[in-house]
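Novice: build me a model:
(2 chains)
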Amino acid sequence: MINKIAASVAHALVGIADGATVMIGGFGTAGIPNELIEGLLAQGAKDLTVVNNNAGNGDAGLAALLASGRVRKIICSFPRQADSHVFDALYRSGRIELELVPQGNLSERIRAAGAGIGAFYTPTGYGTELARQPDGRPKETREIEGRQYVLEYPIHGDVALIKAERGDRWGNLTYRKTARNFGPSMAMACQRTVASVHEVVPLGALDPENIVTPGLFVSHVVQIERQVTQAGGFKKQEAA
Amino acid sequence: MTPTQLGVAYTRRTKDQLAARVAQDIPEGATVNLGIGQPTLVANHIPPTREVLLHSENGLLGMGPAPAAGEEDYDLINAGKQPVTLLPGGSYFHHTDSFAMMRGGHIDICVLGAYQVSVGGDLANWHTGEPGAIPAVGGAMDLAVGARQTWVMMDLLTKQGVSKIVSACTYPLTGLACVKRIYTDLATFDVTPTGLRCIDKVDGLSHTALQQMVGLPVM
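Specialist: This next block holds a predicted model:
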C-alpha cells in the first residue's frame, strides 16, 4: 500500500544531508511552511542552500533558520522587507551568500528543473545587472525573432518544504487561496517533497478535477493544526 | 527648481490626484497589474461602472478591495503582502502560471513606480545601487518587459529638484525600452520613438518651464 502520510514532521525530514538545496514555499505570510522549517532546524542539517521568494520575516520560521547559521546561500527575488533584520545583518556582515533572481525567472527555473528542461531563454532581466552570473560573468544571450533573451538554467532541489491545504495518502494536494504560490513548482523540482496540510482525507475525497499537485510529485504529507482567524485564514505571525 | 523660481503659479497633483489621472486612462475590460507602493492607489480611482481585472503576481486575478477590519485572511494577500479580497469570478493559480501571464504578454497594462526613466523608455526602479543597499527585485523585471504596456507613475523631480526623466539612467536598469507612458505630479508624457511628448500638464505650468525642469526636448 502506498502511504505517504508521515507520523510527524521529524519522520518526514529524516536524513536531509548537510549541503542540501532546500526549496521553501511561501510568499510573504501566505504558504510559509513554518512547522516544517522548525523541523528542519531541529533536524540539524547545515551548509544549506535555501530557495524561497523572500529571506525571512521577523525572528521565527525561515528567519530562525538563517539565524542558526546553517544556511550558506539563499536564492530569492525579494530579500529586503520591513522585518527582514535577520537576513539583513547576515548579508551586511558577509555571512550569507545571495543569488538574486527576478521572481518570474526564479519560478520558471524551478519549474524547468521539474519539467526536465535543460535551460531556457527569457526576456526578463536582459540588459540588467541580473543578466550576470553571481561571479560577474555575463549570462549567455540570444536574439530570437528580433527580441533579446537571457539563457537561464534550472534550479534543482534536494528537498521541497511546502504548505498545502488538504492531502491524501497518495500525496495528492489542494491549496488555499494565495498560499498556493510556489508550492506546485517546487514540488516538481526536488528529489523529495514534504507537504504540510491541514486536513488528511481518504483517497477519492479530493475531487480529481481540483487536485493541483498530483501525488507523484509528493514524498511525505504531514498534518499540522490550523490557526484560524474569523475569515478562516491564518493569524499574522506576531513579531517575536 | 521651485514654482517661485520659475515665476509661475501651479499646484502639483497630490498622490490621489495622480492615481486618479492614471485610472482615467485604464479602459473597460483591461487586465492590469499595479506595482507595490504608490501604484496600488490607482485601484481606488477606477470608476465602479468600469470592469477592470486586477492581477497580482502571487497568483490571483480579479483582486478586490481590502477586507473589513477583522475579516483579514492572511492566505489571501497582494504583492505588497497586504490582505485583500477576491471578486466573484476571480481565480487563484500558482506562481509559474502567474508569471507566464506577465511575461507572456497577457497583462494589458502594468503601472510601476520608478527612480528614473530614460527618454528611450529604459526603466530603473529596483535598486539604488548604493553600497550597503540590499538589492530586491521581485517581479519588477518580469512586468516591465512582459506587460503589453508599461506605465510609470512618479514625481517628476527628486527631492533635490533633479528630473527623474533622464537621457540615460544612472541607477541599475529594470528593463530596456519598456516604458510607454510616464504619469507625474506635474505632467503626463508619452515615450515615442522621436522623444518625449507631453500629453497633459497641471494648470499654470508653461511648456517652457516644464521643458526646463526635464532638461530634455519635450514635444
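Novice: buried stuff in the longest helix seen in chain A?
Specialist: Using DSSP state H to define each element, chain A has its longest helix at helix A:103-115. Neighbour counts using 16 or more other C-beta atoms under 10 Å in any protein chain shown place A:Gln103, A:Gly104, A:Asn105, A:Leu106, A:Ser107, A:Glu108, A:Arg109, A:Ile110, A:Arg111, A:Ala112, A:Ala113, A:Gly114 of helix A:103-115 among the buried residues. For the C-beta atoms, the positions are set from N, CA and C on the backbone; glycine is no exception.
Novice: turn these into JSON lines, columns for distance to A:Ala160 and pLDDT.
Specialist: Compiled in JSON lines, those are given as follows (distance: C-beta to C-beta, whole Å; pLDDT from 0 to 100):
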{"residue": "A:Gln103", "distance to A:Ala160": "18", "pLDDT": "98"}
{"residue": "A:Gly104", "distance to A:Ala160": "19", "pLDDT": "98"}
{"residue": "A:Asn105", "distance to A:Ala160": "18", "pLDDT": "98"}
{"residue": "A:Leu106", "distance to A:Ala160": "14", "pLDDT": "98"}
{"residue": "A:Ser107", "distance to A:Ala160": "13", "pLDDT": "98"}
{"residue": "A:Glu108", "distance to A:Ala160": "16", "pLDDT": "98"}
{"residue": "A:Arg109", "distance to A:Ala160": "14", "pLDDT": "98"}
{"residue": "A:Ile110", "distance to A:Ala160": "9", "pLDDT": "98"}
{"residue": "A:Arg111", "distance to A:Ala160": "12", "pLDDT": "98"}
{"residue": "A:Ala112", "distance to A:Ala160": "15", "pLDDT": "98"}
{"residue": "A:Ala113", "distance to A:Ala160": "10", "pLDDT": "98"}
{"residue": "A:Gly114", "distance to A:Ala160": "10", "pLDDT": "98"}
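Novice: give me the neighbour count for the closest residue to A:Arg109 other than its chain neighbours.
Specialist: Distance criterion C-beta to C-beta, 6 or more residues apart in numbering or on different chains; nearest residue to A:Arg109, sequence neighbours excluded, is A:Ile155 at 4.5 Å. A:Ile155 has 26 neighbours, counted by other C-beta atoms under 10 Å in any protein chain shown.
Novice: distance of A:Lys180 from chain B?
Specialist: Quick fix: residue A:180 reads Arg, not Lys. 5 Å (C-beta to the nearest C-beta, to the nearest Å).
Novice: need phi/psi at the residue nearest to that residue when sequence neighbours are not counted.
Specialist: Excluding the flanking residues, the one nearest A:Arg180 by C-beta to C-beta, 6+ apart is B:His94, at 5.1 Å. The phi and psi torsions at B:His94 (degrees, to the nearest 10) take the values phi -90, psi 170.
Novice: next, the contact list for B:His94, please.
Specialist: B:His94 makes contacts with A:Tyr175, A:Arg180, A:Asn181, A:Phe182, A:Gly183, A:Pro184, A:Ser185, A:Val212, B:Gly59, as judged by C-beta atoms under 8 Å, 6 or more residues apart in numbering or on different chains.
Novice: give me that answer again for 10 Å
Specialist: Counting by C-beta atoms under 10 Å, 6 or more residues apart in numbering or on different chains, B:His94 touches A:25, A:31, A:107, A:111, A:175, A:178, A:180-187, A:212-213, B:58-59.
Novice: from these, which ones fall inside helices?
Specialist: Those of the contacts of B:His94 lying in helices (DSSP H): A:Ser107, A:Arg111, A:Gly183, A:Pro184, A:Ser185, A:Met186, A:Ala187.
Novice: save the residues you listed as CSV, and put in distance to chain B too.
Specialist: Putting those into CSV (distance: C-beta to the nearest C-beta, whole Å) gives the following:
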residue, distance to chain B
A:Ser107, 4
A:Arg111, 5
A:Gly183, 7
A:Pro184, 4
A:Ser185, 5
A:Met186, 9
A:Ala187, 10
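Novice: rewinding a little: how much distance is there from the longest helix of chain A to the middle of the chain?
Specialist: Centroid separation for helix A:103-115 versus its chain: 11 Å, with C-alpha atoms, centre = their mean, to the nearest Å.
Novice: so what's residue 89 scoring on pLDDT?
Specialist: Reading this off chain A. Note on A:Ala89: pLDDT of 95.
Novice: right idea, wrong chain: chain B
Specialist: So B:Gly89 comes in at 97 (pLDDT).
Novice: tell me who's in contact with it.
Specialist: For B:Gly89, counting by C-beta under 10 Å, 6+ apart, the contacting residues are B:Glu51, B:Leu53, B:Leu61, B:Gly62.
Novice: can you give me the helices in the chain?
Specialist: Defaulting to chain A. Counting by DSSP H, the helices of chain A are A:9-12, A:34-43, A:62-67, A:85-92, A:103-115, A:183-189.
Novice: let's do chain B instead
Specialist: Using DSSP H, helices in chain B cover B:3-6, B:15-24, B:95-103, B:140-146, B:207-214.
Novice: looking at those helices, which is nearest to A:Leu13?
Specialist: helix B:95-103 (23.8 Å; C-beta to C-beta).
Novice: the inter-axis angle of the closest one versus helix A:103-115?
Specialist: Angle of helix B:95-103 versus helix A:103-115, following axes from the mean of the first three to the mean of the last three C-alpha atoms, to 10 degrees, is 130 degrees.
Novice: return the distance of helix B:95-103 from the chain's centre.
Specialist: 19 Å.
Novice: and B:Gly195, how far is that from chain A?
Specialist: 21 Å.
Novice: which ones are touching residue 54?
Specialist: I went with chain A, as the question did not name one. Counted by C-beta under 10 Å, 6+ apart, A:Asn54 has contacts A:24, A:26-28, A:32, A:62-63, A:74, A:76-81, A:84, A:87, B:81, B:136, B:138.
Novice: to clarify, I was referring to chain B.
Specialist: B:30-34, B:40, B:42-43, B:46, B:60-65, B:78, B:84, B:87, B:90.
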